[in-house]
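Asker: Here is a sequence with its predicted model. Questions after.
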Amino acid sequence: MDKYLDYILEQMKNLLAIDSPSGYTQKAANYLMAEYERLGYHPQKTVKGGVLVDLESGDVKHGVLLEAHVDTLGAMVSEIKENGRLKITPIGGMNANNAEAENCRIVTRFDGIYEGTCQLVNASIHVNGEYDKTGRSFDTVEIVLDEPVTDKESVAALGISTGDYVCFEPRTVITKSGYIKSRFLDDKLSAAILLGYAKYVKDENVSLKNRVYQHMTVFEEVGHGGAASVPDGVKDVISVDMGCVGNSLSCTERQVSICAKDSRGPYHYDLVTSLVKTARDMRLAYAVDVYPHYGSDADVALTAGYDVRHGLIGAGVYASHGYERSHVEGMKNTFLLLKGYLG
């Protein structure tokens, strides 16, 4: 068991080190393609840029599709200001309050990568008397480049232009007590768990009852990641995404969360019941919760017209869309739930 958990943590760190905001995910997808091939599988790159893999065991007429996403939040340059600073527009649910004071990378299309920091406009508190009163939004924060630029022309000379991606530093830490802290655990922690499950199936030569596929989607954060690429014969689509931790919810970072309903409606009752029964029978640390502000790739598969049952599970993650925190026990319980449910 430990070797799979160690592998999951290793893959999580590797994925988190690859910048991949929605729309700029090719490096993460290429990494996944190579890793699946190293494990002995035959992954396919979807037209949209995601990665689809058949675990090559089980009845193809009763397929289960596991979905996780490797696209993350981020930003894009929307204007080069007269003073050489960059105005940005968010990608996905990036929040200006959480972006402030974070280091970042600006990826140009043709001229390399530059470093910078997201700061409040006029960020020196000894100068700005309105610092405390200023609401943080993408109109009041900006990117300060770590280059000697003072006007639009000098920024343009670097090759930076509108439409360039801004990628935020994840700051990944695993504490001695097992807590995992990083930006973008949503959803690279779950992507690593799916890789761990794929490794387990291959290493242990597991004979699955139902055909299992994995789809690493690349547009979940902007709402259409799971809208395509559901293989023929799939009856169940399960998103393995972050489990919510917060007020009025029972899940902690040390548990696997099973979602009964999110903002788009209830998940399939029979599938949720089967997941809960598996977790209960295995005596896993789990919670069943309702997520008030959430949507998943499994939701999107239904709205795209697929006739499937849908479910959502994931390790508990606190401070979602910010500097997030989970725990190796939550990761372990999620892996074990997949192992027990799928066989």
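Answerer: Ah, there it is.

Asker: OK, contacts around the nearest residue to residue 285 once chain neighbours are set aside?
Answerer: Nearest residue to residue 285, sequence neighbours excluded (Cβ to Cβ, 6 or more residues apart in numbering): residue 255, at 4.5 Å. Placement of C-beta: from N, CA and C, glycine included. The neighbourhood of residue 255, defined by Cβ atoms under 8 Å, 6 or more residues apart in numbering, consists of 243, 284, 285, 286, 287, 315, 316, 329, 330, 333.

Asker: Of those residues, which belong to strands?
Answerer: For the contacts of residue 255, the ones inside strands are 243, 286, 287, 315, 316, with DSSP state E as the criterion.

Asker: OK, contacts around the third one?
Answerer: Spelled out, it's residue 287. So residue 287 contacts 243, 249, 250, 251, 252, 255, 256, 257, 258, 316 (Cβ under 8 Å, 6+ apart).

Asker: most surrounded residue in these?
Answerer: residue 243 (32 neighbours; other Cβ atoms under 10 Å).

Asker: Stretch 193-212: end-to-end distance?
Answerer: This stretch, stretch 193-212, spans 15 Å end to end (Cα to Cα, to the nearest Å).

Asker: Wait, a strand at residue 153?
Answerer: No. Using DSSP: H, G, I helix; E, B strand; the rest coil, the assignment for residue 153 is helix, not a strand.

Asker: Doesn't residue 32 lie inside a helix?
Answerer: Yes. Per three-state DSSP, residue 32 lies within a helix segment.

Asker: What score does it have for pLDDT?
Answerer: The model reports residue 32 with a pLDDT of 98.

Asker: just checking, it touches residue 43?
Answerer: Yes. Counting by Cβ atoms under 8 Å, residue 43 is a contact partner of residue 32 at 7.0 Å.

Asker: Overlap in contacts, these two.
Answerer: residue 51.

Asker: Of these two, which one has the most company?
Answerer: residue 32 (26 against 20).

Asker: give me every residue that touches that one.
Answerer: Contacts of residue 32 (Cβ under 8 Å, 6+ apart): 43, 51, 70, 191, 195, 216.

Asker: ok, now residue 316?
Answerer: 242-245, 251-257, 287, 326-327, 330.

Asker: what about 7 Å?
Answerer: Listed by Cβ atoms under 7 Å, 6 or more residues apart in numbering, the contact set of residue 316 reads 243, 245, 251, 252, 253, 254, 255, 257, 326, 330.

Asker: Export those as TSV, with columns for pLDDT.
Answerer: Converted to TSV, the contacts of residue 316 look like this (pLDDT from 0 to 100):
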residue	pLDDT
243	98
245	98
251	98
252	98
253	98
254	98
255	98
257	98
326	98
330	98
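
Asker: Among those, name the ones in strands.
Answerer: Using DSSP E, the subset of those located in strands is 243, 257, 326.

Asker: Between the contacts of residue 32, identify the one with the most neighbours.
Answerer: Highest neighbour count within the contacts of residue 32: residue 216, with 32 neighbours (other Cβ under 10 Å).

Asker: before we move on, back to that, ok, of the ones in strands among the contacts of residue 316, which one's closest to residue 177?
Answerer: Using Cβ to Cβ, residue 326 comes nearest to residue 177 of the ones in strands among the contacts of residue 316, at 12.4 Å.

Asker: what about the strands in the stretch 151-300 of the chain?
Answerer: 165-168, 173-174, 179-182, 210-217, 234-240, 243-244, 256-262, 265-266, 286-290 (DSSP state E, counting those that start in this stretch).

Asker: between these, which gets nearest to residue 140?
Answerer: Minimum separation from residue 140 across the strands of the stretch 151-300 of the chain (Cβ to Cβ) falls at strand 165-168, 16.1 Å.

Asker: Mind listing residues that contact the closest one?
Answerer: Contacts to strand 165-168, defined as Cβ under 7 Å, 6+ apart, come from residues 19, 21, 24, 74-77, 88, 99, 102, 104-107, 143, 183.

Asker: change it to 8 Å
Answerer: Strand 165-168 has contacts (Cβ under 8 Å, 6+ apart) with 19-21, 23-24, 73-77, 86, 88, 91, 94, 99, 102-107, 116, 118, 143, 183.

Asker: Quick check, central residue of the protein?
Answerer: Nearest to the mean C-alpha position of the chain, by Cα atoms, centre = their mean, lies residue 187 at 2.2 Å.

Asker: hang on, the earlier thing: I'd like the ones in strands among the contacts of residue 255 laid out as CSV, including distance to residue 337.
Answerer: Listed next are the ones in strands among the contacts of residue 255 as CSV, based on distance: Cβ to Cβ, whole Å:
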residue, distance to residue 337
243, 11
286, 7
287, 12
315, 10
316, 12
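
Asker: Among those, find me the one that's closest to residue 300.
Answerer: residue 243 (18.4 Å).

Asker: That closest one: what's it in contact with?
Answerer: So residue 243 contacts 251, 255-259, 287, 289, 313-317, 330, 334 (Cβ under 8 Å, 6+ apart).
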